[in-house]
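Student: Fold the following.
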Amino acid sequence: MKKGTKQNDLNILLLLLDMSTFMGLRDAIAILTLFKTGVRINTLGHIKESNFDFENKILNHEGSIMKNHNYLKLPLDDQLVGLYKVLIEQNEKIRSHYKQDNEFLFITVKGATIWGN
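Tutor: Here you go, the predicted model:
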């Protein structure tokens, strides 16, 4: 049985990331998403910006990206909502600069998708 991560362990990990860089910010948000929502790493890589309902603080997962293929709605806290909005703004700048056309939340520093479609 795997031992769960504790909040203190998460805080130590986040302190090691340089969140003043795009990669550090992106990685911190990915880690927080995994910790707070329990989504799997493969699902994380397929989250699109259109999956968010910021008004209701919900992350909608399409069945096609879920391991069990069931549609899932996950509640989000204010911290994640704020961080996602910041990441989406940064993603737009990067995609525009590198002329990339995708809507994935987690992208490379050159605007490409991290995982294959």
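Student: Check which helix or strand L59 maps to.
Tutor: L59 is located in strand 58-61, with elements delineated by DSSP states H and E.
Student: What pairs with whichever helix or strand comes after that strand, parallel or antiparallel?
Tutor: Where DSSP H and E defines the elements, the next helix or strand beyond strand 58-61 is strand 72-75. Sheet pairing for strand 72-75, assigned by DSSP bridges, gives strand 58-61 (antiparallel).
Student: wait, what's in contact with the closest residue to L34 other than its chain neighbours?
Tutor: Counting by Cβ to Cβ, 6 or more residues apart in numbering, L44 is the residue found nearest to L34 once chain neighbours are left out, at 6.3 Å. To be clear about C-beta, it is placed using only N, CA and C from the backbone, and glycine gets the same treatment. By Cβ atoms under 8 Å, 6 or more residues apart in numbering, the contact list for L44 reads A30, T33, L34, F106.
Student: still on that earlier bit, buried sites along the strand holding L59?
Tutor: By 16 or more other Cβ atoms under 10 Å, the buried positions in strand 58-61 come out as L59, H61.
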